[in-house]
Structure formats: C-alpha cells, structure tokens
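Asker: just the structure for this:
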Amino acid sequence: MGERIAGALSLAIWLYLAFGHGRFWRTSVALPHGVQPQRWPSVVAIVPARDEAQVLPRTLPTLLAQRYPGPFRVIVVDDDSSDGTGGLASAAGADVVRGSGPPPRWSGKVAAMATGVERAGEPDFLLFTDADIAYPPDAVITLVRAAVTNSLDLTSQMVRLRAESFWERMIVPAFVYFFAQLYPFARVNGTGRTAAAAGGCMLVRRSALVAAGGLAEIRGAVIDDVSLGRLLKRRGRIWLGLSEHIVSVRPYPRLADLWDMVARSAYTQLRYSLLLLLGTVVGLLITYVVPPAAVVVGLILGDHLLVVLGAVAWLIMTATYMPMLRHYSLAPWRALLLPAIAVLYTAMTVDSARRHHAGRGAAWKGRVHG
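Answerer: Numbers count the residues shown, from 1 in each chain. Purely as a prediction, here's the structure:
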C-alpha cells in the first residue's frame, strides 16, 4: 500500500508540474518583440571581474564590438585580481575600475557591481554581465529594443552555458531545467509574485534601480540575480527567457567544478534552514526517484498498478526534460537519466548545507560569505 501511495503522489506532482506550473519546460521563451526607438538610450555594460584573465580575452572583445547606435561603453570592475585581469581589460579598450574587496555586509559580486554603477554615471540602462559571457554583435540592440518597447525595468536572458565535456553534458541542461522549474519563466514575466533573473545578462533601467533603493538593497545577496529580479518586480515589469546566441565560455570539465557551482548557493536558496533542506531532499526523492523505483518494484512484486503509476510519472518527467536537451543539441535518450542527475543535485544541496555549517559556505571567486 505504501508503494502505491508514493507512486500516486509522484504522479500527482508530475501532472501538476507538466500542466499547472507555468509551462516551465518550454525553451522557446524568446525576447519580446521590439521596435527601433526614436532615440537610442545610453547603455553602460558593467563586468565584475575577479581573476578572469583566462576568459576575458575571448569575451570582452564581443562586448566592445557591439554595433549599438547609441552611447555605449564597457566598465570592467577589477575586484582585487591577482592574475592581471585589469591590465588585460584596459589593453582591450574597456574602462577599468580597480576595487579592493567588499565592505562589511556586502557580498563580493554585488559590491563589484555597485562600484561599476558608481563609475557609470547616469546612463539610461545598465547591462550587468559576467566576465565569461560572449555576445553576438547585435545583442545590446535587441535587448534595448525589447526593454524600451515593452517598458521593462529588467530584461534578462539565461545564456547558453557550455555543454561540451562529459559532465557538462550531464549536469548543465539539468541545471537550467531545475532553475526554470523553480522560477517558471512565464510566471516571472507575468504579473504574479514570482521573480528572478539570470546574472550573466541583465539589462536594467537605471531610473528603476535608483527608485528601488539601488544595489544597497541587495548588498548581502549571494544569489544576486534572483534578488535583483525580486527588487525590481516590486515596482515594475521584468522579463526572463533563454538565449540561443549569448553564451558562456567558462569550462566545467570535472564533476567537482559543477558540484562547486551548485553547492555554492543551494543552501542559500533554502534560507539556511535545515527544515527546508529536509523537505527539499524528501521532495526531490519523491518527485524524481520514486517513478523509476515504482516501475522496478512493481515489476518485482507483480503489482501492475504500481508499474503504471511509476511509468506514467517517469514518462511525463522525461517529456518535460526533452525540450531542454534539444536546446543543448543533446540526444533525447539522456532524458532517461534525469532521476540519477536529480540524486546528484540532492547530494550537492546537502553538501551545500554541510559547507555552510563548517564555515565554508557561499563564496564568490574565493571569498567566503557568512
């Protein structure tokens, strides 16, 4: 009886996720339509960079080469780097600001972003972007068109992460899938309370940021993009979707690299609550592990109803993951591995809590935040 209850609960969860959770599985969330403005607003791109000498030569030129008709410049905030990041950025033609680390109660990345905002002056828009992000030449044009035409205070695109190594192909599509499940893009873009952004590419209306209190309002945020999305949605419209052409070049060749990426902020997402951690672990196991387990146990016990419950839930799970695999040009059979990947993510989340309680919690570029 217990097995059937678990199987039925898992199926109910997947029926809700597939048909009542903002169509989170859709990957065709493209930038809203935009027309050419009468006057092209001024834009300043801000790149927080700490020890980024390996990726900047590949990414910074793509920002500097933007074919934007209006005033546009790039500020790189060299956040106390030790590898010549600032010199490389300056030689490439960017405006470089050198920082010495975050003040008390500020997270490192948000402090670097704030340093860039101070240097930027009073442009119409701020483009917050990461050092590992490469842009097509018309990216800023399309972002500004969408923002101006649709009166958006925040226009953010989840960039296409690198998925070339074995572990990248296993983990990265699931990472984006889980993010979209947590923050369904349709709900983020609607009028409800759900808010988020993707830190690699965030075009922000400066006047809206000032009216909301500025970056000081999220100064201690580890998950700065989601915090910024929540801050700006309180007063205006925001938009979040997937990009095909804005890409991250940062490699994650080993499982340990991806593990650190997830474990860095997973426990922060749970507000450092052991109770929420327990609920998340149980929820992940019921949602992702029970369906295949129900099929196996049902076949062993000869329980046909249990097999059907597990198989239908597993089928729905697989179907919702396949669009993300197509987005990353990966084979559909990989969708069958999602339960195993979910177990990995569960372990990463538990390890995130362990690191926090051991004093090695959330960090940005080597700096651990309390």
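
Asker: count of neighbours near residue 115?
Answerer: 22 (other Cβ atoms under 10 Å). (C-beta placed from N, C-alpha, C; glycine too.)

Asker: to clarify, my last question referred to residue 277.
Answerer: A count of neighbours around residue 277, defined by other Cβ under 10 Å, yields 19.

Asker: CA atoms only for whichever strand or helix holds residue 342, dumped as PDB, please.
Answerer: According to DSSP states H and E, residue 342 maps onto helix 338-357. Taking C-alpha atoms only, helix 338-357 is exported to PDB below (Å, rounded to 0.1, in the frame of the first residue of the first chain):
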ATOM      1  CA  LEU A 338      17.200  12.700 -15.100                       C
ATOM      2  CA  PRO A 339      16.400  10.700 -11.900                       C
ATOM      3  CA  ALA A 340      20.100   9.900 -11.500                       C
ATOM      4  CA  ILE A 341      21.000  13.500 -12.100                       C
ATOM      5  CA  ALA A 342      18.400  14.600  -9.600                       C
ATOM      6  CA  VAL A 343      20.100  12.400  -7.000                       C
ATOM      7  CA  LEU A 344      23.400  14.200  -7.700                       C
ATOM      8  CA  TYR A 345      21.700  17.500  -7.200                       C
ATOM      9  CA  THR A 346      20.300  16.300  -4.000                       C
ATOM     10  CA  ALA A 347      23.800  15.400  -2.800                       C
ATOM     11  CA  MET A 348      25.100  18.800  -3.900                       C
ATOM     12  CA  THR A 349      22.300  20.500  -1.900                       C
ATOM     13  CA  VAL A 350      23.100  18.500   1.200                       C
ATOM     14  CA  ASP A 351      26.800  19.300   0.700                       C
ATOM     15  CA  SER A 352      26.000  23.000   0.400                       C
ATOM     16  CA  ALA A 353      24.400  22.800   3.900                       C
ATOM     17  CA  ARG A 354      27.500  20.900   5.200                       C
ATOM     18  CA  ARG A 355      29.800  23.500   3.900                       C
ATOM     19  CA  HIS A 356      27.800  26.400   5.400                       C
ATOM     20  CA  HIS A 357      27.800  24.800   8.800                       C
END
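
Asker: tell me the buried residues in that helix?
Answerer: 338-339, 341-342, 344-346, 348-353, 355-356 (16 or more other Cβ atoms under 10 Å).

Asker: centre of the chain to that helix, how far?
Answerer: How far helix 338-357 lies from its chain's middle: 17 Å, per Cα atoms, centre = their mean, to the nearest Å.

Asker: what lies in contact with that helix?
Answerer: 170-171, 174, 178, 259, 262-268, 270, 272, 274, 277, 280-281, 284-285, 287-289, 291-292, 314, 317-318, 321, 361-362 (Cβ atoms under 8 Å, 6 or more residues apart in numbering).

Asker: alright, that wraps it up for me.
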